[in-house]
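Peer 1: After the sequence you'll find the predicted model.
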Amino acid sequence: MPRIPEAFINELVSRSDIVEVIESHVPLKKSARDYMACCPFHTEKTPSFSVSAEKQFYHCFGCGAHGTVLGFLMEYLHLDFVSAVEHLAARYGLILPISTSLEETVETTKPLYEILQKCETFYRHQLKQSEEAISYLKSRGLTGEIAKHFALGYSASSRLLSQFRDEKQVLLTSGMLIQQDDGNCYDRFRQRIMIPIRDQRGRTIAFGGRVLGDAKPKYLNSPETPLFHKRRELFGLYEVKKALRHISRILVVEGYMDVIALAQHGISNAVATLGTSVTAEHVRKLFRVCQDVVFCFDGDEAGRRAAWRTVSVILPLIDQGQQVRFLFLPEGEDPDSWVHRLGEKKFLQAVDSSKLLSEYFFEELISQSGVDVQGADGKARFIALAKPLIMSMSEDNVFRGILTEMLAKKLNVNVNDLWNWFDGSSVEKIPEERSEINASKNKINSPVRTLIILLLHYPDLASSADIEKDISTYSIKGVSLLCDVLELLKHNKSLSSQGVIDNFIGTEYDQSLVKLLKQPFFVTQEGAKNEFIGALNKLKEQQRDWQIQQLQNKARTEKLSDIEKQKLRDLLK
């Protein structure tokens with residue numbers, strides 16, 4: 001993939017005026033030293049979108065969107081980073097000094113883009129001349145408007161080489177021709193409806209072909225080329241961004257004819273994988289465009305296997321604020337046939353009522369375990385199936401904690417014991433920071449863990465440190481235990497470490513405290529207070545970040561009250 005020198009990016013950003021760039025897309029009004037507008041990333045009546053010429057930065061006090069000029073272009077135009085840099089460079093007349101791999105040099109890719117565009121134009125012309133192909137599209141319920149929107153065409157026969165006689169090699173490299181052992185070439189696509197596959201900038205990078213009858217293979221894609229890597233691409237994503245200014249949800253289906261049929265019924269937010277299972281590249285690309293994704297699968301066994309593979313791909317990538325659902329089709333149906341039978345309204349109702357990722361996660365685990373999950377053997381089997389999936393998520397992933405709590409509730413087990421069975425730690429699972437306490441083993445503790453460990457070794461810290469009274473209201477795992485330890489030590493100032501643990505014997509925390517006390521500890525008494533205050537400040541920062549995230553998540557789905565907006569402003573300061 002292209003690599004752009006950092007020096008060029010810095011120079012490009014320094015030459016850019018964020019006010020000028022944003023104003024070309026969103027009308028701005030001067031307000032004191034900054035510029036204001038209604039946010040382009042969520043619906044609002046009162047302007048809360050601020051652009052600072054001085055700081056070259058934008059921020060929305062309503063939904064929390066913020067960033068630099070490149071960040072705005074990526075978010076507003078739904079571009080990846082390289083495309084955003086290209087877009088901005090073109091605006092200022094700068095040429096990108098791109099360094100690429102041998103396979104993807106500019107000299108190689110430019111003629112490929114050009115020949116594929118020529119093929120697209122040629123196929124569209126052939127479609128207009130083929131009554132058979134036009135009749136087929138009409139039989140699928142497709143109009144000329146939809147055919148134009150997706151640039152559909154038709155390949156009548158082997159004619160590319162005669163049409164582009166001097167471009168044989170580039171046709172071979174682009175996958176449009178197949179060369180036989182004797183050196184003769186013929187068209188890869190013949191007697192097929194031709195469907196251009198476009199990148200995020202709208203450039204044709206490959207084709208899909210669908211036969212008019214029942215010949216095999218029914219669908220045929222371009223092979224892998226320097227431009228086309230099917231594990232990275234999603235058919236229809238460019239068309240979705242072209243049709244919708246605000247993309248609130250994306251529906252992922254399995255075939256491009258399903259995408260086209262859904263668009264014909266007014267459902268313009270569907271994309272399709274290209275003959276592959278869902279990949280991490282697909283998921284990252286989807287999450288960059290939209291926070292709400294629905295995956296549609298056949299309801300048969302093969303469809304459910306594909307859905308479960310998708311779960312394993314999604315979990316390491318999902319983060320707070322993102323929502324994933326699974327829609328399973330009735331047996332014998334595909335999105336094309338189902339939307340024809342149900343109509344747009346009922347189809348969208350089915351999408352709205354599709355299964356949340358967490359719901360499907362536990363439903364499928366119960367099915368796979370094949371035993372009574374209330375019995376000891378069933379619980380063990382269930383946990384063994386769930387563990388690798390939950391542990392594939394990062395430790396600071398909120399969804400990881402939510403799934404674990406749901407799992408503990410379903411199995412009627414203690415959540416701290418569950419964490420202990422997972423990875424040997426059972427106090428809490430929250431974002432963790434570097435601490436001197438166990439740096440010798442390159443291990444990381446969270447602020448809550450750090451505070452508890454320090455209190456166990458130096459109990460007098462409970463009275464010497466300034467602890468806010470509202471710490472008990474923090475929405476962070478482990479805080480309840482921390483507050484209990486603090487309360488105990490404040491009323492029993494001479495209590496030893498073992499005395500603290502003795503007070504928790506018989507509770508759900510006794511083993512957790514023992515394990516924390518046994519951790520390697522190298523902080524001197526002189527440094528303990530500073531370490532304690534530092535960890536406490538990090539805990540406060542965590543709580544603030546959590547509150548900001550909650551308000552920003554809420555702003556994506558509903559309007560914040562004036563009090564909530566002010567609270568978000570105060571937190572962001």
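Peer 2: Okay, I see it.

Peer 1: hey, which helix or strand in the chain has the poorest pLDDT?
Peer 2: helix 497-502 (a mean of 69; mean pLDDT, DSSP states H and E).

Peer 1: Tell me the secondary structure at V324.
Peer 2: strand (DSSP: H, G, I helix; E, B strand; the rest coil).

Peer 1: dump the residue contacts of it.
Peer 2: 293-295, 314, 318, 356-357 (C-beta atoms under 8 Å, 6 or more residues apart in numbering). (Glycine included, C-beta is placed from N, CA and C.)

Peer 1: need the contact list for the residue nearest to it when sequence neighbours are not counted.
Peer 2: Excluding the flanking residues, the one nearest V324 by C-beta to C-beta, 6 or more residues apart in numbering is L357, at 4.2 Å. If you count contacts by C-beta under 8 Å, 6+ apart, L357 has them with 311, 314, 318, 323-326.

Peer 1: which pair in these spans the largest distance?
Peer 2: V311 and Q323 (14.1 Å; C-beta to C-beta).

Peer 1: Between those two, tell me which one has more neighbours.
Peer 2: V311 (19 against 16; other C-beta atoms under 10 Å).

Peer 1: Would you tell me which helix is longest in this protein?
Peer 2: helix 525-557 (DSSP state H).

Peer 1: The protein - how does it break down into domains?
Peer 2: Domain assignment for the chain by automatic domain parsing gives 6-91, 102-221, 237-353, 363-423, 436-563.

Peer 1: residues near P40, how many?
Peer 2: 18.

Peer 1: what about it, helix or strand, and which?
Peer 2: According to DSSP states H and E, P40 maps onto no helix or strand at all.

Peer 1: That one touches F49, doesn't it?
Peer 2: Yes: the pair P40 and F49 qualifies as a contact (C-beta atoms under 8 Å) at a distance of 7.0 Å.

Peer 1: Name the residues contacting each of those two.
Peer 2: By C-beta under 8 Å, 6+ apart, the residues touching both P40 and F49 are V26.

Peer 1: measure the residue nearest to V324 to T121 for me?
Peer 2: As for L357, its distance to T121 is 42 Å (criterion: C-beta to C-beta, to the nearest Å).

Peer 1: ok so, going back, which among the contacts of L357 gets closest to E364?
Peer 2: Among the contacts of L357, and counting by C-beta to C-beta, the member closest to E364 is V311, at 7.4 Å.

Peer 1: mean confidence for stretch 174-193?
Peer 2: Stretch 174-193 shows a mean pLDDT of 90.

Peer 1: Ok, stretch 563-573 next?
Peer 2: So the average pLDDT for stretch 563-573 ends up being 76.

Peer 1: and it, how far out from the chain's middle?
Peer 2: Relative to its chain's centre, stretch 563-573 lies at 26 Å (C-alpha atoms, centre = their mean, to the nearest Å).

Peer 1: Stretch 11-26 now?
Peer 2: So, by C-alpha atoms, centre = their mean, the centroid of stretch 11-26 is 27 Å from its chain's centroid.

Peer 1: burial measure for the nearest residue to Q547 once chain neighbours are set aside, as a count.
Peer 2: The shortest distance from Q547 to any non-neighbouring residue, by C-beta to C-beta, 6+ apart, is to L571 (5.7 Å). L571: 15 surrounding residues under other C-beta under 10 Å.

Peer 1: gap between L571 and S561?
Peer 2: For L571 relative to S561 (C-beta to C-beta), the value is 15 Å.

Peer 1: picking up where we left off before, considering the domains of the chain, which stretch scores lowest in mean pLDDT?
Peer 2: Among the domains of the chain, domain 436-563 carries the lowest mean pLDDT (a mean of 72).

Peer 1: residue ranges for the helices of the stretch 1-150 of the chain, please.
Peer 2: 6-15, 18-23, 69-76, 81-91, 106-129, 131-139, 144-149 (DSSP state H, counting those that start in this stretch).

Peer 1: wait, which of those helices is closest to F362?
Peer 2: Proximity to F362, assessed across these by C-beta to C-beta, is greatest for helix 69-76 (33.7 Å).

Peer 1: what angle separates that closest one from helix 6-15?
Peer 2: Here the directions of helix 69-76 and helix 6-15 differ by 90 degrees (axes from the mean of the first three to the mean of the last three C-alpha atoms, to 10 degrees).

Peer 1: Which secondary structure elements does helix 69-76 sit against?
Peer 2: helix 6-15, helix 18-23, helix 81-91 (3 or more C-beta pairs under 8 Å, 6 or more residues apart in numbering; DSSP states H and E).

Peer 1: Can I get those helices in CSV including distance to R305 and mean neighbour count?
Peer 2: What follows is the helices and strands packed on helix 69-76, written out as CSV (distance: least, C-beta to C-beta, whole Å; neighbours: other C-beta atoms under 10 Å):
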stretch, distance to R305, mean neighbour count
helix 6-15, 43, 13
helix 18-23, 46, 18
helix 81-91, 34, 18
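
Peer 1: for stretch 262-280, the distance to its chain's centre please.
Peer 2: Using C-alpha atoms, centre = their mean, the offset of stretch 262-280 from its chain centre is 16 Å.

Peer 1: for stretch 310-324, same thing?
Peer 2: For stretch 310-324, the distance to the chain centre is 7 Å (C-alpha atoms, centre = their mean).

Peer 1: Same question for stretch 43-61.
Peer 2: Worked out by C-alpha atoms, centre = their mean, stretch 43-61 lies 24 Å from the chain centre.

Peer 1: buried sites along it?
Peer 2: Within stretch 43-61, the residues that count as buried by 16 or more other C-beta atoms under 10 Å are 44, 47-51, 56-61.

Peer 1: Reformat the residues you listed as JSON lines; add distance to A89.
Peer 2: Below are the buried residues of stretch 43-61 laid out as JSON lines (distance: C-beta to C-beta, whole Å):
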{"residue": "E44", "distance to A89": "32"}
{"residue": "P47", "distance to A89": "30"}
{"residue": "S48", "distance to A89": "31"}
{"residue": "F49", "distance to A89": "25"}
{"residue": "S50", "distance to A89": "26"}
{"residue": "V51", "distance to A89": "21"}
{"residue": "Q56", "distance to A89": "17"}
{"residue": "F57", "distance to A89": "20"}
{"residue": "Y58", "distance to A89": "20"}
{"residue": "H59", "distance to A89": "25"}
{"residue": "C60", "distance to A89": "26"}
{"residue": "F61", "distance to A89": "31"}
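
Peer 1: Report the two of those separated the most.
Peer 2: Largest pairwise distance in the buried residues of stretch 43-61, by C-beta to C-beta, is 23.4 Å, between E44 and Q56.
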